[in-house]
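J.: Here you go, sequence then predicted model.
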Amino acid sequence: MKKKRRIFVQVFVLFLSIVVTMCNIESENVAAFWNQDDGEYGSYRTRTKIQIQLMHCNHKDTHYNNNGTHLNITDGDTVINSITRNPRVNNDIAAGTATYDLNKYVYEYEMSYSEGQQVDYAVITTPNITHFENPSAEGVTETHGRMYWLGEYRNTMENITATTGANEWYSFREQTGAEVNNELSHQTWESVEAGNDGAYKGEYVVSLDVSNTIDNGQKFLYLLEGTYMNKDIHDSNHPAEQDEGVPAYFGIHAYGIIGLVFYRNVNFDTNGGVMTEGTVKNMQVYNGNKKAKAYAWYGDANKRKWYSDVNIASPQASTPYGTASVKAPSRTDYLFTGWYDSPDGGVMLYDTDGNAVKGTQYFDADGNWIYKGNVTAYAGWEYVGDYTIHYDKGASDTYITPPADTVTTVGTAAILADTQLTGSRYTLCYEGNTNNEHSRSTSLPATEGNFKFAGWNIGGTVCQPGTLYGETLVKDSVVTATAVYSGYTVRLPKLSSTNYELEGWYESYDGVTGTFAGYVGKPGDDYTLNAAESSFAKTIYAKWTPADVALNFNYLIPDAAKNSRLGYTLTGADETSRTLTFGTKIGLLPEPELSGYTFVCWNWTADGAGGTASADGLYYGIDGNGDPADTLYAMWEPLSYSIKYDYNGADAIASNPTKAKYYDILSIAAPTLAGAEFAGWEITGMDNSPHLLDGTKTNSESASGIGTGKSPAEFIGLNGSDGTVLFTAQWNYAKYNITYDFNGGSPVPGGSYPAEASVYEYFDISNPEKGSSLFKGWTVKGMDEGTHCVGGAYVDGATASGAGAGKAAGAKLPFASLRYTPGTVTLVAAWEADDRQLIFMTDTGTMTGKSIQDNWTLRFIRFGSKNFISKNAYDVEWGTDVPSVKRTGYTFNGFYTELKGGTQVFNGGSSTDMADRMPSDKLAAGAYLADNGAWVGPSLILYAHFTPLEFELTFDVNGGVWADDKSSGTRTLGVTYDSDRNSTVWDSADVERTGYIPGGWNTRADGTGYTVFDTDGYSTDEGGYWSEDYRK
């Protein structure tokens, strides 16, 4: 296929920036152009823009002189194209350019072949560069510098006329009568403008004759900037001025290259085929050189890129995606034969391996490109037909689809397809718990996965994906590649089972008979599962051999005994271990004894949760929970004893322990008792085991005075069995003195009047006597705080009075604990001789006796006397008898201290004698009568009390009958005097009489009496409350 030829011309303008600085120099040396990745200067890149004009001219004379001035008339000149370019940084090597600095500023333009045919010269306008001393002026700053000449530069960097040394820049200052190569360039000097503070501004126009160089490959110009310390000599530009102390080459800080490179294009056309990933699709070449720029092609456009410095004879470029080269394309049913300059064949440029064919019109014998023009290399093809490789997934039940068939041109080897195929799934399980009864093995997770793809089986040969196959197959032949899968090989694991050794692995195990079959191997052997068409699971079984094991005995002394200050005694503990055949009987077990404990049993775990061991039990090295166990632990039950306390008058202490174990550390607080000092504990009920009594170790069965003067006291091990220990508090009691003030009286002969007493000691004190005066009791003084027993009564406070009042002289009354601390208590006798008045009253009935005033009367009695006395008072001569009261329907019960309730002082008898009427057995002792019957009570108002009489009512049907049983007998009901009890009786429905209507119940048979109840059985107004009037 013919394609239009194109010529590409790239215009490169490169500016190098080199800055040389010296210490102690304050001048700022800044190049006209900066790197774009320099943050400080990157903003100035917009000032380095250039313009390129591609010009066509009808006459061939020189258009610019050495000063850059256009010499001829420009009428008829035509601008073919005008291009404006910003710089970019080029970090690769342009084809054909010398490597002076890899970090160049590049201005690039590709000129087409048609443009090249019309263009006679190029005009490049450089940026405005302002040289000035004032940093505030606009433009690109530079001190004492100017761009002052242009010359020729050779890319080979060899020595040329007037250079300063090998591989250095061409220098006009070093040559005599130097001439500018006007075929390549025109020197352009700066133009000086005044009026800008002596600064220099220059706009440089470079013209390059393109028409004469279009087939020469490349031409270069270069420029040099110089900076000098003394601005007054900048026009002379003599290097001899450097001798004034300025170091050599100081201030020379910028180099630049302006160049035009004219490339040829080599394009690769697949000619009906398919381009291969990573192939070179285009190259830019030039005459007489092996170097080229290559364009690497990928399906992903983001990966495509130009690469420099490529050898055109064997093009290769290292890319991030691999090596790009001239790769062979593909085309179904065709065989690739190379690259030609015509679609139908012609001259071969590159062979099937992508190497140049040398010695042709395109390449010389050394592989240099020598063709002056563009060329397209077409793929050559030979029709040969194809063959097919069909893929089958083989013995696998997975859902993955095999690769599509590979169709390959005959004579060309196919690349066997890669695949994600896997074989069927396998699961290998390990069963460790088989004949290892009463033990459990460590567990292993099942191994599972898919058998791995092993290759393609073609005709009995297994081939790997990616290998070549089929180069000898004939046209239209079909072969099948069947997937094969490798078996899964595992190294047989080692399990552990307490008291068993693993003999090996088997394919089956009968749990009933305990037999194994199908030996697989021992731990560490390799075992292989072969691939199968269907997924499967397989279990292999561990076979165990019992081992000889040791059984240990741990007597497990409880910490309470082990750490006790009492120590402990252990007997029967000689055996610490025994060797047993696994699974045999344990045998008789030790029966140890430990002080303070009862041996309970042997257990498989220290916490007692592992189960009890017995002599007939089989030893399998596991506890009752199935966990590994090789030690038996003694189980102990601590012995407990009871503790009782006799606080001997003090309050009980709730915090004191009442039960304890032998090794318990007891803290027992001492009681306190007012008036007494704690004299220690008397302890009884201990046994002959070691005890610790308040820091003293002993084995006595009783002790006294323990813990005297301290609280609490510490005790350990009071009883090594289950008995009871009694703590009895012991006291030292305080004593006090007692004195008496009889207050005009005297002690009775033979009476009790102690002069001292101990706290809590009970003693009697006799009442004194004083003629006819009434003893009003002892007043006790000098007591302290607390509860005291005073005359049988318990009182609080420092004083008390009335003790013994109401008792006859000589009567003994109990006293105790009048003081709780040493001191003196005084008892003072109190006396009284006044008469008492007794008022007798009744609200109903009739009072009988002497000096009765309506319903009351008054009597006088002397305190301590046994009879009333006659006395005239309130204009009445009051009698000495005890009055009585009569009341209809009631019994008189006597006189009481309250209108209702109260205490009976005189009974309801008819006697008027005081002694007969006073019920001394019912009066509180000492309240009203003394023991001898004398009155000792206060003045009183007494009230008459009565009890109503009870009656029985008889009901006569009076010629009728009772309705319920037709009887005619009488019936009775009880009734209380003045009471509404039984107010409802039988009504008219309860009685009947032929020819009569009931008329209620009357006190007379003929109805002339009182109608007590009406025909409905209710009391009538005539009846009301029951009274004896109804008895008429």
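T.: All right, it came through fine.
J.: Packing partners of whichever helix or strand Q51 is part of?
T.: Q51 is part of strand 50-56, with elements assigned from DSSP states H and E. The contact analysis (3 or more Cβ pairs under 8 Å, 6 or more residues apart in numbering; DSSP states H and E) places strand 50-56 against strand 8-17, strand 78-85, strand 104-111, strand 121-125. Bear in mind the C-beta positions are built from the backbone N, C-alpha and C, glycine included.
J.: That one to strand 78-85, inter-axis angle?
T.: 160 degrees (axes from the mean of the first three to the mean of the last three Cα atoms, to 10 degrees).
J.: how many neighbours does the residue nearest to G1009 when sequence neighbours are not counted have?
T.: Distance criterion Cβ to Cβ, 6 or more residues apart in numbering; nearest residue to G1009, sequence neighbours excluded, is T1003 at 3.2 Å. Residues within reach of T1003, counting by other Cβ atoms under 10 Å, total 16.
J.: Just list the residues touching S439, thanks.
T.: S439 makes contact with 497-500, 620-622, 628, according to Cβ atoms under 8 Å, 6 or more residues apart in numbering.
J.: swap the cut-off to 6 Å and go again
T.: Applying Cβ atoms under 6 Å, 6 or more residues apart in numbering, we find S439 in contact with 497-500, 620, 622.
J.: So which of these wins on neighbours?
T.: Y500 (27 neighbours).
J.: Give me the nearest residue to that one, chain neighbours excluded.
T.: Of all residues not flanking Y500 in the chain, W544 sits nearest, at 4.0 Å (Cβ to Cβ, 6+ apart).
J.: element containing that neighbour, please.
T.: strand 536-546.
J.: neighbouring strands for that strand, and are they parallel or not?
T.: strand 425-431 (parallel), strand 500-510 (antiparallel) (DSSP bridges).
J.: What number of residues are in the vicinity of G717?
T.: 29.
J.: That one reaches L566, doesn't it?
T.: Yes: assessed by Cβ atoms under 6 Å, G717 is found in contact with L566 at 5.0 Å.
J.: got any residues that touch both of these two?
T.: P690.
J.: hmm, back to that, okay, and the beta partners of the residue nearest to Y500?
T.: Bridge pairing for W544 - DSSP bridges - gives L502.
J.: circling back: how close does the residue nearest to G1009 sit to F1013?
T.: Relative to F1013, T1003 is positioned 11 Å away (criterion: Cβ to Cβ, to the nearest Å).
J.: Okay, now the unreliable bits of the stretch 451-600 of the chain?
T.: Of all residues in the stretch 451-600 of the chain, none has pLDDT under 70.
J.: wait, I meant the stretch 851-1000 of the chain
T.: Ranges of the stretch 851-1000 of the chain meeting pLDDT under 70: 920-927, 979-983.
J.: What segments of it are strands?
T.: Per DSSP state E, counting those that start in this stretch, the stretch 851-1000 of the chain carries strands over the ranges 856-862, 868-869, 871-873, 876-878, 884-886, 890-896, 904-907, 940-948, 950-955, 961-962, 971-976, 991-992.
J.: is it possible to export those to JSON lines including mean neighbour count and distance to I557?
T.: Formatted as JSON lines, the strands of the stretch 851-1000 of the chain follow (neighbours: other Cβ atoms under 10 Å; distance: least, Cβ to Cβ, whole Å):
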{"stretch": "strand 856-862", "mean neighbour count": "20", "distance to I557": "87"}
{"stretch": "strand 868-869", "mean neighbour count": "18", "distance to I557": "91"}
{"stretch": "strand 871-873", "mean neighbour count": "13", "distance to I557": "96"}
{"stretch": "strand 876-878", "mean neighbour count": "14", "distance to I557": "96"}
{"stretch": "strand 884-886", "mean neighbour count": "20", "distance to I557": "91"}
{"stretch": "strand 890-896", "mean neighbour count": "19", "distance to I557": "80"}
{"stretch": "strand 904-907", "mean neighbour count": "20", "distance to I557": "78"}
{"stretch": "strand 940-948", "mean neighbour count": "19", "distance to I557": "82"}
{"stretch": "strand 950-955", "mean neighbour count": "13", "distance to I557": "86"}
{"stretch": "strand 961-962", "mean neighbour count": "16", "distance to I557": "96"}
{"stretch": "strand 971-976", "mean neighbour count": "14", "distance to I557": "86"}
{"stretch": "strand 991-992", "mean neighbour count": "18", "distance to I557": "99"}
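J.: related to what we said a few turns ago, so what strands line up beside the strand holding Q51?
T.: Taking DSSP bridges, the sheet neighbours of strand 50-56 turn out to be strand 78-85 (antiparallel), strand 121-125 (antiparallel).
J.: Give the buried residues for that strand.
T.: Using 16 or more other Cβ atoms under 10 Å as the test for burial, strand 50-56 gives 50, 52-56.
J.: Export the residues you listed to TSV and append columns for pLDDT.
T.: Formatted as TSV, those follow (pLDDT from 0 to 100):
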residue	pLDDT
I50	67
I52	72
Q53	72
L54	72
M55	70
H56	71
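J.: how near is W505 to S325?
T.: 56 Å.
J.: I misspoke; the intended subject was P919.
T.: When P919 is compared with S325 (using Cβ to Cβ), they lie 148 Å apart.
J.: you'd agree Q904 is up against G894?
T.: Yes: contact criterion Cβ under 6 Å: Q904 and G894 qualify, at 5.3 Å.
J.: Output the strands of the stretch 851-1000 of the chain in JSON lines; the columns should cover distance to A808.
T.: As requested, those are exported to JSON lines (distance: least, Cβ to Cβ, whole Å):
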{"stretch": "strand 856-862", "distance to A808": "15"}
{"stretch": "strand 868-869", "distance to A808": "20"}
{"stretch": "strand 871-873", "distance to A808": "25"}
{"stretch": "strand 876-878", "distance to A808": "27"}
{"stretch": "strand 884-886", "distance to A808": "30"}
{"stretch": "strand 890-896", "distance to A808": "25"}
{"stretch": "strand 904-907", "distance to A808": "19"}
{"stretch": "strand 940-948", "distance to A808": "21"}
{"stretch": "strand 950-955", "distance to A808": "43"}
{"stretch": "strand 961-962", "distance to A808": "67"}
{"stretch": "strand 971-976", "distance to A808": "44"}
{"stretch": "strand 991-992", "distance to A808": "68"}
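J.: Cheers, nothing more for now.
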